[in-house]
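Participant: what would the 3D arrangement of this be:
(one chain, ligands or ions: 1)
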Amino acid sequence: MRCAGDIDARQVDETAINIDPIQVGGRLTADAMKAVIAYGDGYSVCDNCRKPFRLDYIKKPPIADFHADLASWLGMDACRVVPGARRGFQAVCQGLVQKGDPVILTALSHYTEFIAAESVGAVPREIPKDGKNHITADAAAETIERVIKTEGKTPALLFVEGVDYQFGNHHDIRGIAKVAHSYDIPVLYNGAYTVGILPVSGKELGVDFVIGSGHKSMAAPAPSGLVATNAEYAERIFATTAVKGDQTGRTFGIKEVAMMGCTLMGVTVMGMMASFPHVKERVLAWDEELRKGKIVIDSLLSIEGTKILSDMPREHTLTRIDTRESFDRVAETHKKRGFYFTSALGKRGIAGVIPGATKIWKFNTYGMTESQADYTANAFLDIARENGLAVND
Ligand SMILES: Cc1ncc(COP(=O)(O)O)c(C=O)c1O
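Facilitator: Just a heads-up that it's a prediction; the model follows:
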């Protein structure tokens, strides 16, 4: 009989080449794995927590320095680690948005951005994407105007994704931030697919908040992430508690309300910290990542009927692809239907494509070695040829 503590092996072969769009940037470094083992106990980072009693003041291990380093690395003034990008969105909403306030999101916003707005009773309003799947400064301006006119209120916050999760496209953050600021609307930059993957400077982008996801893009265990702010908003977002026990008169000092006092303890913060030197280095090799990604893109495009739905040339390793006129044609008659494709990839040691997907799907080549990129490119060609699809050599 099985009991709740029985743990199965992972469903994805960890030795496989994983092209799952959400997983590639969160794979741990060897140093993070060591940290996970060393700091596995629940409150392990609290051994040397001394006054003031707060996670971001702990000197041993150097969690205080880590916070300062994160802020300067992102060109921001203050930073806190949080349990996932979503908790960063929520902290900013908690600090800036009142019930009933309109909040601007985009047609490419992630559901967690909507839920963060909902958690404070905000009214979400979307900037539409254009025909090229971009969020533009003009569309942002039109949306802000429309919201002010119809709701009679200036939006309290604007969310925008550096790179969106649907197409992996970049958007005009500087232009959008400029427009938002002309209405005095603070701008939250969602760096879930950029922070830890490519260089990001909140100052250069002209945004007020930078949010990152540790488990998606910073080689860290889940749930982890960060929220960084400029000096203008730091006090509001990281406001300390003013509450007092009515019987005891107790107060709780420097605990921050939006952070619920302390955030990432143990494995998550230590994994994130252990990977950080590697993450700082890897963002500088972004062009290399694009070059390796191109090897896979070129091979897929050589299969007749295949279309890339993301911007071309690719400027991110997450790509949306349409194989309705190629791999999906095979699915119509194959005895495994659409599952033939993921099964053929699996046999070749490639994981991360949703089982049965042959129409429109996404993949991410981030972190592949050159030989893995060559291997993956050839695997797609093999599967195409094996199933009678035409390949342009
Ligand atoms: C664009 C985007 N933003 C935010 C999130 C949420 O990130 P986290 O899991 O770190 O809260 C995701 C997760 O898939 C995402 O794709």
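Participant: skipping adjacent residues, who's closest to residue 327 in space?
Facilitator: residue 358 (4.6 Å; Cβ to Cβ, 6 or more residues apart in numbering). In this view, the C-beta of every residue, glycine as well, is placed from N, C-alpha and C.
Participant: shouldn't the one you found be within a helix?
Facilitator: No. If the criterion is DSSP: H, G, I helix; E, B strand; the rest coil, then residue 358 is coil and not within a helix.
Participant: show the contacting residues for the residue nearest the centre of the chain.
Facilitator: Note on the chain: the residue nearest the mean C-alpha position is residue 192, at 2.0 Å, using Cα atoms, centre = their mean. The neighbours of residue 192, taking Cβ atoms under 8 Å, 6 or more residues apart in numbering as the test, are 85, 110, 161, 165, 211, 212, 213, 216, 217.
Participant: got the phi/psi numbers for it?
Facilitator: phi -60, psi -30 (degrees, to the nearest 10).
Participant: distance-wise, check residue 210 relative to residue 228.
Facilitator: Distance, residue 210 to residue 228, by Cβ to Cβ, to the nearest Å: 4 Å.
Participant: and for residue 39?
Facilitator: 23 Å.
Participant: which one's more surrounded, these two?
Facilitator: Neighbours were counted for residue 39 and for residue 228 using other Cβ atoms under 10 Å; residue 228 has more, 30 against 22.
Participant: quick one: contacts of the helix or strand hosting that one?
Facilitator: With elements taken from DSSP states H and E, the one containing residue 228 is strand 225-229. Contact partners of strand 225-229, identified using Cβ under 8 Å, 6+ apart, comprise 70-71, 74, 76-88, 91-92, 195, 202, 208-215, 237-238.
Participant: and if we set it to 6 Å?
Facilitator: 70-71, 74, 76, 78-82, 84-85, 88, 91, 209-214, 237 (Cβ atoms under 6 Å, 6 or more residues apart in numbering).
Participant: then stretch 230-242?
Facilitator: 76-78, 91-92, 95, 208, 229, 252, 254-257.
Participant: spatially nearest residue to the closest residue to the ligand within the stretch 201-350 of the chain, not counting backbone neighbours?
Facilitator: Nearest residue of the stretch 201-350 of the chain to the ligand: residue 213, at 3.2 Å (Cβ to the nearest ligand atom). By the measure of Cβ to Cβ, 6+ apart, the closest residue to residue 213 outside its immediate chain neighbours is residue 85, 4.0 Å from it.
Participant: equivalent analysis for residue 346, please.
Facilitator: residue 16 (7.8 Å).
Participant: that neighbour and residue 351 touch, don't they?
Facilitator: Yes. Counting by Cβ atoms under 6 Å, residue 351 is a contact partner of residue 16 at 4.0 Å.
Participant: which one's more surrounded, these two?
Facilitator: residue 351 (19 against 14).
Participant: bridged to that one, which residues?
Facilitator: residue 18 (DSSP bridges).
Participant: so for it, what pLDDT did the model give?
Facilitator: At residue 351, the pLDDT value in this model is 95.
Participant: that one and residue 18 touch, don't they?
Facilitator: Yes. Counting by Cβ under 6 Å, residue 351 does reach residue 18; the two are 5.0 Å apart.
Participant: break this structure into its domains for me.
Facilitator: 2-23+285-386, 50-265 (automatic domain parsing).
Participant: and residue 208, how many neighbours does it have?
Facilitator: 25.
Participant: flag every residue of this structure that's near the ligand.
Facilitator: 22, 84-86, 110, 112, 161, 165, 190, 192-193, 213, 215-216, 225 (Cβ under 6 Å from any ligand atom).
Participant: and the furthest pair within those residues?
Facilitator: Farthest apart among the residues of the chain next to the ligand by Cβ to Cβ are 161 and 215. That separation is 17.3 Å.
Participant: all strands for the stretch 51-200 of the chain, in order.
Facilitator: Per DSSP state E, counting those that start in this stretch, the stretch 51-200 of the chain carries strands over the ranges 78-82, 102-106, 123-127, 157-161, 187-190.
Participant: check those strands for me and report the most buried one.
Facilitator: strand 187-190 (a mean of 28; mean count of other Cβ atoms under 10 Å).
Participant: next structured bit after that one?
Facilitator: helix 202-205.
Participant: average model confidence for that next one?
Facilitator: For helix 202-205, the per-residue pLDDT averages 98.
Participant: ok now that helix, how far from the chain's centre?
Facilitator: On the basis of Cα atoms, centre = their mean, to the nearest Å, helix 202-205 sits 18 Å off its chain's mean C-alpha point.
Participant: re earlier: name the residues contacting each of residue 210 and residue 228.
Facilitator: 74, 76.
Participant: residue 52 against residue 256, yeah?
Facilitator: No. Shown here, residue 52 and residue 256 do not form a contact pair, counting by Cβ under 6 Å, at 11.2 Å.
Participant: the two: which is more packed in?
Facilitator: Neighbour count, other Cβ under 10 Å: between residue 52 and residue 256, residue 256 has more, with 19 against 10.
Participant: ok, that one to residue 61 distance?
Facilitator: Residue 256 is 20 Å from residue 61, by Cβ to Cβ.
Participant: kindly report the same for residue 389.
Facilitator: 53 Å.
Participant: ok, residue 262 - contacts?
Facilitator: residue 55.
Participant: pLDDT score for residue 11?
Facilitator: For residue 11, the predicted pLDDT is 69.
Participant: ok, residue 14 next?
Facilitator: Predicted confidence (pLDDT) for residue 14: 72.
Participant: before we move on, what about residue 323?
Facilitator: 98.
Participant: same question for residue 153.
Facilitator: 97.
Participant: grab the nearest non-local neighbour of it.
Facilitator: That would be residue 102: by Cβ to Cβ, 6+ apart, it lies 5.7 Å from residue 153.
Participant: now the most far-flung residue of the chain relative to its centre: which helix or strand?
Facilitator: Here the chain reaches farthest from its C-alpha mean at residue 247, the gap being 43.8 Å by Cα atoms, centre = their mean. Using DSSP H and E, residue 247 maps to neither a helix nor a strand.
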